[in-house]
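Peer 1: here is my input; please provide its structure:
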Amino acid sequence: MNLSKLETISNLFAGKEIRSVWNSEKEEYYFSVVDLVGIISESKDKQAYWRKLKQRLREEGNEIVTNCHTLKLKAQDGKIRLRDAFDTKGILRLIESVPSPKE
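Peer 2: Now for the predicted structure:
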């Protein structure tokens, strides 16, 4: 996978930041799962929320977790770390799987 152009996209969800990386071979973006989960769930500990959600999805046999990629993304401290990421289709499926805190 030829990845380049680490970015932060901040206009997708009311100005909240979502880290992303561009795959030039497939010509698509991959987005940070933890960033998106934090925005949707409004959880104070977005990484713990993602770990629990990922475990629940696996137990349910949900295939979304098998389509999750581990990519290098820039962390808040500026270091590059491996993080879970989805393409656009995976992100849309993930959004459907996260219960809304406003329900």
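Peer 1: output the below-cut-off pLDDT ranges for the protein.
Peer 2: 1-14, 100-103 (pLDDT under 70).
Peer 1: just the helices in this structure please.
Peer 2: Applying DSSP state H to the chain gives helices spanning 33-41, 46-60, 88-97.
Peer 1: save those as CSV, and put in mean neighbour count too.
Peer 2: Every residue, glycine included, has its C-beta placed from N, CA and C. Shown next, in CSV, are those (neighbours: other C-beta atoms under 10 Å):
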stretch, mean neighbour count
helix 33-41, 22
helix 46-60, 15
helix 88-97, 15
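Peer 1: quick one: which of the ones you listed is nearest residue 73?
Peer 2: Smallest distance to residue 73 across these (C-beta to C-beta): 8.7 Å, for helix 33-41.
Peer 1: quick one: residues in contact with that closest one.
Peer 2: 13, 16-19, 43, 46-47, 49-50, 53, 68, 83-86, 91, 94-95, 98-101 (C-beta atoms under 8 Å, 6 or more residues apart in numbering).
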